[in-house]
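Peer 1: coords below, sequence missing:
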């Protein structure tokens, strides 16, 4: 299973978290930069066997779904509705995945993709999101409020007040930024023009 680290989401929701975090904005790295990268990541996570060739359209779809999910996580942290554009991307992906409700003896119904290949694998991620929404765990999966980070993390706080992936890094930076903005607004001196970062977020 991916994501054995602080802020990890429970169960299969960790797959959605790991998918969003295939792009590290802070370190400027991305695991989904080629069709082969998409195929390798999806198969390594056990999200179906992507036997058919993966092409540029599949890459574009995977990246679009990832960033739409990130927007939902930002909205979770801000306690607001996600953008209409992100919802449109996810609805289109769900349609391409041919998500249908499946019932089985002794268990609740669940969504399952009928499509094969990358559309089906992305559909499996969306099915996990749907289950998390139904179970009530979805609002705890957030994107770091630091706009130069946006790392996906699971808020384990009792009152769901977590805002940053790590308090020691992004939390401190955002508080320092807010302090400098208050000083600027109050005319208490010019803040440093460049924020120096002397710590590295654990990955």
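Peer 2: Good, I have the coordinates. On a predicted model such as this, the values are computed, not experimentally measured, just so you know.
Peer 1: Which strands or helices does the longest helix along the chain pack on?
Peer 2: Secondary structure of the chain per DSSP state H: the longest helix is helix 56-78. Applying 3 or more Cβ pairs under 8 Å, 6 or more residues apart in numbering; DSSP states H and E, we find helix 56-78 packed against helix 13-20, helix 35-44, helix 84-97, helix 117-135, strand 141-143. In short, each C-beta sits where N, CA and C put it, glycine included.
Peer 1: List the neighbouring strands of the last one plus their orientation.
Peer 2: Which is strand 141-143. If you go by DSSP bridges, strand 141-143 pairs up with strand 152-154 (antiparallel).
Peer 1: Let me see the residues that make contact with the strand it pairs with.
Peer 2: Applying Cβ atoms under 8 Å, 6 or more residues apart in numbering, the contact partners of strand 152-154 are 7-10, 13, 16-17, 20-21, 70, 73, 140-144, 162, 164-165.
Peer 1: Stretch 86-94 now?
Peer 2: 61, 64, 65, 67, 68, 69, 71, 72, 119, 122, 123, 126.
Peer 1: rerun that using 10 Å as the cut-off
Peer 2: 61-62, 64-72, 74-75, 81-83, 99, 111, 113, 118-119, 122-123, 125-127, 129-130 (Cβ atoms under 10 Å, 6 or more residues apart in numbering).
Peer 1: Filter the residues you listed down to just the buried residues.
Peer 2: 61-62, 64-66, 68-72, 74-75, 82, 99, 111, 113, 118-119, 122-123, 125-127, 129 (16 or more other Cβ atoms under 10 Å).
Peer 1: still on that earlier bit, right, so the helices and strands packed on helix 56-78: which one is the most enclosed?
Peer 2: strand 141-143 (a mean of 26; mean count of other Cβ atoms under 10 Å).
Peer 1: tell me how far it is from the chain's mean position?
Peer 2: 7 Å (Cα atoms, centre = their mean, to the nearest Å).
Peer 1: could you give the mean pLDDT of it?
Peer 2: What strand 141-143 shows for mean pLDDT is 97.
Peer 1: try stretch 99-114
Peer 2: Here the average pLDDT along stretch 99-114 is 88.
Peer 1: Please apply the same query to stretch 63-80.
Peer 2: Rounded mean pLDDT across stretch 63-80 is 97.
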